[in-house]
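Undergrad: Take this sequence and fold it.
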Amino acid sequence: MVQRVRSAQVEVEAEVVGQIDRGLLILLGCQVGDDEESASKMARQLAKLRIFEDDQGLTNLDIFAAEGEILLVSQFTLAADLRKGNRPSFTSALAPKQARELVEKVAQDLKDKGLKVENGVFGTRMDVYSCNAGPATYLIEV
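TA: Numbers count the residues shown, from 1 in each chain. Model (predicted):
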């Protein structure tokens with residue numbers, strides 16, 4: 001899930017571990033079947049995503065043209081299956097070791113493209129704060 005934000009930050013135990021101004025808050029969940037290829041494809045798509053407004057108010061700008069930053073936060077609950085009962089099932093969530101590797105790959109691929117990327121801390125309880133610009137929230141699946 002991607003949100004266009006005016007600002008965002010993530011805290012672990014009341015300490016800010018990642019913070020951005022204008023840019024993208026990316027909540028990244030990894031599912032069974034995701035691999036390095038899908039992580040690279042996700043990074044490419046995020047870098048090219050044109051969801052920032054130009055001078056005419058049209059969403060024609062990508063993160064580079066908008067001079068934005070990225071806050072990338074792993075969020076395994078995005079893999080929840082809520083179709084049965086009242087308790088989420090996480091059987092489709094990727095195992096933590098592989099998920100961590102893919103989250104790190106997406107972050108590194110974005111950095112390699114020249115983007116400023118801040119991160120949460122994988123596998124911890126995090127408090128995420130954001131000022132969603134729009135609001136504009138997008139679900140991307142690769």
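
Undergrad: how about the nearest residue to the spatially most central residue of the chain, chain neighbours excluded?
TA: Closest to where the C-alpha atoms of the chain average out (CA atoms, centre = their mean) is residue 26, at 1.7 Å. Of all residues beyond its chain neighbours, the one nearest residue 26 is residue 72 (4.8 Å), with distances taken as CB to CB, 6 or more residues apart in numbering. Heads up, the C-betas are built off the backbone N, CA and C, glycines and all.

Undergrad: can you pull up the bridge partners for that neighbour?
TA: Beta-bridge pairing of residue 72, defined through DSSP bridges, involves residue 26, residue 119.

Undergrad: list the contacts for the residue nearest to the centre of the chain?
TA: Residue 26 is in contact with 1-2, 46, 70-73, 106, counting by CB atoms under 8 Å, 6 or more residues apart in numbering.

Undergrad: what does residue 106 give?
TA: Neighbour list for residue 106: 26, 28, 39, 42-43, 46, 72 [criterion: CB under 8 Å, 6+ apart].

Undergrad: What of residue 76?
TA: In this structure, residue 76 makes contact with 29-30, 90, 93-94, 96, 99, judged by CB under 8 Å, 6+ apart.

Undergrad: can you rerun that using 10 Å?
TA: Contact partners of residue 76, counting by CB atoms under 10 Å, 6 or more residues apart in numbering, are 28-31, 90, 93-94, 96, 99, 103, 122-123.
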